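1. Here is a sequence together with a model predicted from it:
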Amino acid sequence: MCFKPEHLEDDHDQQAEHKPTNLLLVTNLVDELVISVVNSRIYWHDHPRVQNALQDVKHLLDSYLELSGEASLKLGVVDDCLVLEGRPLLGATLSAPRIIEPLKSFGASGLELGRNVDLVQLRCLMDMLVAGPEEETDCERANQILDQAGCRTIRFLTTQEDFGRAHAARISSIGSEIAVPVRVYQNVVNLLQSLTINVCRGTSFSMDQARTHVSSVLTHLEENSKSMMNVVRYEKYDAFTFGHSIRVCYLAANFARALTTNTAAIRRVALSALLHDVGKARIPFELLHAKHRLSVEERREMEKHTTFGAEILSECDDPDPIAIAAAFGHHKTNNYQGYPRTLHTNKQSKVTKIVKVCDVYEALTAVRPYKPSMEPLRAFRIMLSMRNHFDQRLLRRFIEVTGVYPDGQYVQLNTGELARVERQTADLVSPVVQVLTTPEGDELAERDQPIFDLSREDDVCVAQLIASHESELVEA
Amino acid sequence: MTPNDPAPPQTEASDEERALVEVLALYLKETTIYPDANVRVREKLAALLEASAQVRAKRDRAVVSVCSEGLRVGDSMIEADTPMLDWLRERLISTALGGMEFSEATTSEEIHDFAEHLRDVYPRRHKLTTFEEMWPLEFKGLTLIPLEFGARLGPRTEDVVDGELIDTTSSHDRAVAELLESSEEVLDQVQRIEMRLRDSGMQESEERMLSLLGHIVHALPADVVEDASQAVGFVEGILESFESTMNDIGEEVLQTGDLRLQSLMNQLTHSFFGSLLNSERGKQIRAQEARIALDAPDVTPRLREEDEKIAADLPSFLRELDELADPSGLALTADELEIPAERTGILLHQLVHSDSESVAAQAQARLEPRLVHLGREELSVLTSYLHAYLYEDDAPAGIARVFDLLKQCNRLDLFRKTGALTHESARFHFPKHFRLYVESLDPSHPEDRKEVAKLCAELGPRRLHEAIGRIKDDAGGSLSNRLLDRLLAHPHKTLIPFVQIAIETGNPDLKQKGIDFLRDLKLEAKEALPLWIFESQSQLPVDYLTAICRAEIDGHYPKELSDRAGRMIRHFIQTGSWDDPEAVSRRCYAISRLAAFPSVETKRFLTELLKGKGFLGLTKAPRPIRQAAQAALLAMP
């Protein structure tokens, strides 16, 4: 990529060399903290799943401190956002409402983890995050409790430390354009985490709550699809695969909007997509997050998530048959192959087919620990090669709606400018774009950012798609 | 482990080739449901012969074989992408069949015999291990190809389809052979065999040893060859079997030369892998293979091998996209949010497959109201489960819950309404489906009542009688009242075996129905006279009634039964009041029938009546009684 935004060359330039590594470590650390919190709500302290997650937290913390040379890791919380060294961590923020909320309830402005943190101390922290503050427990009192428990190197950051104010100006630059969808996203993550906890505990969950969240997703998608899709496409690892479900939900809702104007129908499609992998809550954690290629037996176990999903959704008070069908059938191909293997064959509902297309597209284009993101064009070609998998008309329509250069993505034009895709046109490869820089890479002021319909331009076209990157995205 | 691989170069299957495989699957499936004479079976058989002729007209040979991805006709691959083709593939593999060749000389009788044997051997596939055991048949025009692993379609190289000869000296095979030779255990075994052969008069040579190993390597399954270290263990097993067989077959055979030795080795290798194929481990491997093959195109985060080659090439993408059907007008309508068939399918799946009793119970509860009004598509979904229940030997155990559900909802009629169970299939699969078929009928419907009688008439009383034990076993030891109720609804002689069972149940209602049934039959035998003489069922002992039934089934009334009937009638005449005119009238009738039971006792009995003697201290018999006795005495021979 020849373009390098100016803001990456500012006062943080010196850190740029190792920053991606640090960011990755911290994001993963936050993920592991979330896993620890969620698992602590399901299992006992000494359960291997809790222990392993805490072990990973410690390992990642040690690595971060060693690499950064810092004495401690200070994670701030400003406006529901996790902040590191003055920069908001969008990826970590999205999946971390279960850390952010307790910190806020203690009145803390962040969390500091120092050197030599051990598992006992981390477990003590988990207990406090899971239980939340007792009456009249403020940040000071919480730190005293930590002290009494021997946690000398873990403490809640107090507001007096002014962690947030020092960076307020910078944080505010995130703006509502990102902040609102982030909160919507966080709420949905929170919902899915609760749902997982309920399923693991064997209690049913409220479908109404899911419907409410889906409504808010759709409202924001309606209001500002570009920023929503920006957040959705945010490339980060996803400890519980919630991100995958949410992204499939957005994709499906977006696709459904192109197929119908019936709001109730779109909502049901979005709900089906959001809950299509709910059965994974019953899949052993180790299997779900296995970093090796699954053995046949493991795959067989993993495949049960479809039938588990249908069972979980059937057990709700007010089950939606469409959602049950999508959870059950999203791995069945159009020619009745795939799983679960059934004795019967029948045409799948259109909603299941929609979820299936979005699921595959998201799986291909998402970042995974073992693979980078794939650009949409290649993902589409792979999907096109899977002849028997999809309803052909539906696939074509999905490609048309999503676009080779999806909304919100950054592209470089053949003229050198950096631009952002605003919306699709009838010409698949020529979207409407907003130009953000000059051909030389100079950032344009917002009022000077022109919008072009590339389908009407003879000489201007997209030269390449630019993978979004956390710092670029946030600062853009 | 992949059957009959590696694949020859593949070409796209023509319509004729696909039709051949499809009609073969369809024909074989139909034969499991309908009798040979059924028009559906006959039509498919004719279509099969026609399809094989069409393929031969285009490519000289019509060879259908199985491969890892599906089926082949010659070198054309046909994915097993429909349940029917999947079924065919599974049937062939399970019965150690690699495929078959239809020639000009193939006759419909041969195909019929083949299908019949397939039906016969499939349920016994767990007991039989080798192709030879499973397929002892020989046809003139139909060539059966044994299932092999590693691209061999027959034990002899000349059997290889389409002239695809196996290169036994491939570098890989040589490498494996070298590895085997490096194993001391294998060499020891080979040397021992060589010694035995030499002692038997055959000449020892290095060539012989290589030939033995070469043979084994040649026949090793593809995945064993892939893992050379595993191959040593396999070969040791084969050589061990070979040695043991040598001990069994004696010296004479060993002296018969190369060809026999080769044949013996082939046989052993085949049986070795045959038993492996059917062992628990073999089944696991096959299940894994099937699953891997099934999952191969599935969506996983990792890319498929072929996907690695797909690049983000815009022109190619636009071209490929253009090949898809035009999506204009595509919409999501309100109707499409109603998915009764899909919902029913999921519920049935949960009912049958769920390990959780609560999930199954919930699915059952949700299915019950749906069974009241099933749409066409829902019926079609249900039919798949009913078919599995009726005809699939390896259907999951939970399939019985579907039957329980229908029974509980009083919807056994759906077995017939979906076409899963017909008059012909009930007859063809007698006695297996007899009980269910009868229970699926509505006794209140005259046509259904006739249907029971018709079916039983076709089966015949003896066949029914012989099958009763099995029918009872299938029903858990006793026939349900529901079944007997239906069977006894329409009187027909062939149903007498079931009357006997109904009477033996001890259920007063069923006993009465049995008596009514026998009365309605208007049995002409004099031994049956008590049926009409005694009004109350308590006066008709169970053993008498069952003896009547047995006599009707046997077509022969024993003398003891005749004597007993006479005694019963005499006893009837003796007991009760003389004062009731109605009773007197019935006794007169009974006396008049006594003439049919001539014996000293009867004569003495009638004489005493005639003399006007009362019985058991009762008053003198009335005049009508005496007159009847006189008439009966006169009528007696």
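-> Structure received.

2. where along the chain do the strands fall?
-> As the question left the chain open, I've gone with chain A. Counting by DSSP state E, chain A has these strands, from start to end: A:72-78, A:81-84, A:87-88, A:110-114, A:154-157, A:410-413, A:418-423, A:432-435, A:451-453, A:462-466.

3. was after chain B, sorry
-> Listed from the start of the chain, chain B has strands (DSSP E) covering B:11-12, B:62-66, B:70-73, B:76-79, B:97-102, B:142-146.

4. ok, A:Thr365 - how many residues close by?
-> Other residues lying near A:Thr365 total 20 when counted by other Cβ atoms under 10 Å in any protein chain shown. The C-beta positions use only the backbone N, C-alpha and C, and glycine is treated the same way.

5. And B:Ala621, by the same measure?
-> B:Ala621 sits with 24 neighbouring residues when counted by other Cβ under 10 Å.

6. Could you do A:His292 as well?
-> 7.

7. sorry, back to before: now the strands of chain A as CSV including distance to A:Leu129, mean pLDDT and mean neighbour count?
-> Putting the strands of chain A into CSV (distance: least, Cβ to Cβ, whole Å; pLDDT from 0 to 100; neighbours: other Cβ atoms under 10 Å in any protein chain shown) gives the following:
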stretch, distance to A:Leu129, mean pLDDT, mean neighbour count
strand A:72-78, 12, 86, 22
strand A:81-84, 14, 80, 24
strand A:87-88, 21, 69, 24
strand A:110-114, 9, 90, 22
strand A:154-157, 10, 88, 23
strand A:410-413, 36, 85, 21
strand A:418-423, 37, 86, 21
strand A:432-435, 41, 91, 20
strand A:451-453, 45, 91, 15
strand A:462-466, 37, 83, 17
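
8. Select, out of the ones you listed, the one closest to chain B.
-> Within these, the stretch nearest chain B is strand A:462-466; the backing value is 8.8 Å (Cβ to the nearest Cβ).

9. Any idea which residue is closest to the centre of the chain?
-> Here I'm looking at chain A. For chain A, the residue nearest the mean C-alpha position is A:Gly243 (3.7 Å; Cα atoms, centre = their mean).

10. look at chain B instead
-> Most central in chain B (Cα atoms, centre = their mean) works out to B:Tyr391, at 5.5 Å.

11. picking that back up, for the residue nearest to the centre of chain A, give its distance to chain B.
-> Computed as Cβ to the nearest Cβ, to the nearest Å, the A:Gly243 to chain B distance reads 13 Å.

12. Show the pLDDT at that residue.
-> At A:Gly243, the predicted lDDT confidence score is 77.

13. list the contacts for it?
-> When contacts are counted by Cβ atoms under 8 Å, 6 or more residues apart in numbering or on different chains, A:Gly243 is found next to A:94-95, A:189, A:236, A:366.

14. Try it again at 7 Å.
-> Going by Cβ atoms under 7 Å, 6 or more residues apart in numbering or on different chains, A:Gly243 touches A:Ser95.

15. Retrieve the pLDDT associated with the residue nearest to the centre of chain B.
-> What the model reports as pLDDT for B:Tyr391 is 82.

16. Just give the nearest non-adjacent residue to it, would you?
-> Counting by Cβ to Cβ, 6 or more residues apart in numbering or on different chains, B:Tyr391 lies nearest to B:Thr32, which is 5.4 Å off, once chain neighbours are set aside.

17. Distance-wise, check that neighbour relative to chain A.
-> 16 Å.

18. ditto for B:Pro541
-> In this view, B:Pro541 and chain A are 50 Å apart by Cβ to the nearest Cβ.

19. B:Val232 now?
-> Using Cβ to the nearest Cβ, one gets 24 Å for the distance from B:Val232 to chain A.

20. I figured that residue hits B:Ser183, correct?
-> Yes. With contact taken as Cβ atoms under 7 Å, B:Val232 and B:Ser183 are classed as touching, separated by 4.9 Å.

21. how about low-confidence regions in the stretch 301-450 of chain B?
-> Along the stretch 301-450 of chain B, the model assigns pLDDT under 70 to residues B:301-305.

22. Residues of it that sit close to chain A?
-> Proximity of the stretch 301-450 of chain B to chain A is assessed by Cβ under 7 Å from any Cβ of the partner chain, with B:301, B:307, B:310-312, B:314, B:316-317, B:320-321, B:324-325, B:327, B:330-332, B:334, B:336-337, B:339, B:341-343, B:345-346, B:348-350, B:352, B:354, B:359, B:362, B:377, B:380-381, B:384-385, B:388 identified as the residues in range.

23. Phi, psi for the closest residue to B:Asp413 other than its chain neighbours please.
-> With Cβ to Cβ, 6+ apart as the criterion, B:Asp413 has its nearest non-adjacent residue at 5.2 Å, and that residue is B:Ser440. With angles defined as degrees, to the nearest 10, B:Ser440 shows backbone torsions of phi -80, psi -10.

24. got a list of what B:Ser440 touches?
-> Each residue near B:Ser440 by Cβ under 7 Å, 6+ apart is listed here: B:412-413, B:415-416, B:421.

25. Go through the residues you listed and flag which are in helices.
-> Among the contacts of B:Ser440, DSSP state H puts B:415-416 in helices.

26. For stretch B:141-152, the averaged confidence score.
-> Along stretch B:141-152, the predicted confidence averages to a pLDDT of 67.

27. Let's have the contacts of B:Ser440 in a markdown table, adding neighbour count.
-> Converted to a markdown table, those look like this (neighbours: other Cβ atoms under 10 Å in any protein chain shown):
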| residue | neighbour count |
| --- | --- |
| B:Leu412 | 21 |
| B:Asp413 | 16 |
| B:Phe415 | 27 |
| B:Arg416 | 21 |
| B:Leu421 | 25 |
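
28. Relative to chain A, which of the contacts of B:Ser440 is nearest.
-> Proximity of those to chain A (Cβ to the nearest Cβ) peaks at B:Phe415, which lies at 15.4 Å.

29. Could you check how far the closest one is from B:Ile399?
-> 13 Å (Cβ to Cβ, to the nearest Å).
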